[in-house]
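>>> Okay, sequence plus prediction incoming.
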Amino acid sequence: MSNFGDLPFGEIPEPLKYVRQFHSTTLSNGVRVCSERVPGQKASIGVYIGSGSRNETLATTGVSYLTNKMALRGTNNKSKTDLAESLEAMGARYTSKADREYNSYNLSVLKGDATKAVGLLGDMICNPAHNDAELEMVKNEVAMEHEDNHNRYVETTMENVHFNSYREHMMGQPTKGDRD
């Protein structure tokens, strides 16, 4: 078969199937935890929340992006400085992304620090500090990013393609709160 578009709905071609062993558990609160053993000393912990821009309305456009950027601004248990020091003490690499489908928060740490990393990410997601001053700082950062849009050709082009393809649906709305 040369055209995989001819496959019956839901069938995945053999070369594309995910075949690595992993363990999946659903907690009593509905949170699904997936884990996989990999060789080496590094552990990667990620939280993926189905709260991307497609779940926003025109009135709430940009909330998922702002929420994502606020994650490092402190929790009810740790100040912004304490949070940064905790990450630094573990030698953690933090990444996050606000996308159309999901917001993701990830930490890469040494395996010995995996438990601490899970606790830290859990605190960041479940106990965010809602500090008005920090929110205003994040809004200013986002405004500066918008001012720089004309220099990000690939990203701006793709945003325009999505907007024109899905004009009447939230999938066509910008992912970074480009509209207020």
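Sure thing, it's come through. Numbers count the residues shown, from 1 in each chain.
>>> Below-threshold pLDDT in this protein: ranges please.
Residues of the chain meeting the criterion pLDDT under 70: 1-10, 168-180.
>>> Strands of that one, start to end?
In chain order, the chain shows strands spanning 23-26, 32-35, 42-49, 93-98, 103-110, with DSSP state E as the criterion.
>>> which strands and helices sit next to the first one?
Strand 23-26 makes packing contacts with strand 32-35 when contacts are defined by 3 or more C-beta pairs under 8 Å, 6 or more residues apart in numbering; DSSP states H and E. For glycine as for every other residue, the C-beta is placed from the backbone atoms N, C-alpha and C.
>>> could you pull out the helices for the chain?
Under the criterion DSSP state H, helices of the chain are mapped to 63-70, 80-90, 114-126, 132-147, 153-165.
>>> Which one of those helices lies nearest to E11?
Closest of the helices of the chain to E11 is helix 153-165, at 26.2 Å (criterion: C-beta to C-beta).
>>> Enumerate every residue touching the residue nearest the centre of the chain.
Nearest to the geometric centre of the chain sits S104, at 1.9 Å (C-alpha atoms, centre = their mean). Applying C-beta atoms under 8 Å, 6 or more residues apart in numbering to S104 gives the contacts 46-49, 95-97.
>>> So which of those is the closest to V118?
Closest approach to V118 among the contacts of S104 (C-beta to C-beta): V47, at 9.2 Å.
>>> Assess the claim that the closest one and K97 are in contact.
No. The criterion here is C-beta atoms under 8 Å, and V47 misses it with K97 at 11.5 Å.
>>> out of those two, which sits in the busier spot?
Legend: neighbour count by other C-beta atoms under 10 Å for V47 and K97, higher for V47 (19 against 14).
>>> The more buried one - nearest residue in space that isn't next to it in sequence?
In space, and not counting its chain neighbours, V47 is closest to Y105: 4.7 Å by C-beta to C-beta, 6 or more residues apart in numbering.
>>> Repeat that for I125.
Distance criterion C-beta to C-beta, 6+ apart; nearest residue to I125, sequence neighbours excluded, is V47 at 5.5 Å.
>>> And the one you found, how far from Y102?
According to C-beta to C-beta, to the nearest Å, V47 stands 10 Å off from Y102.
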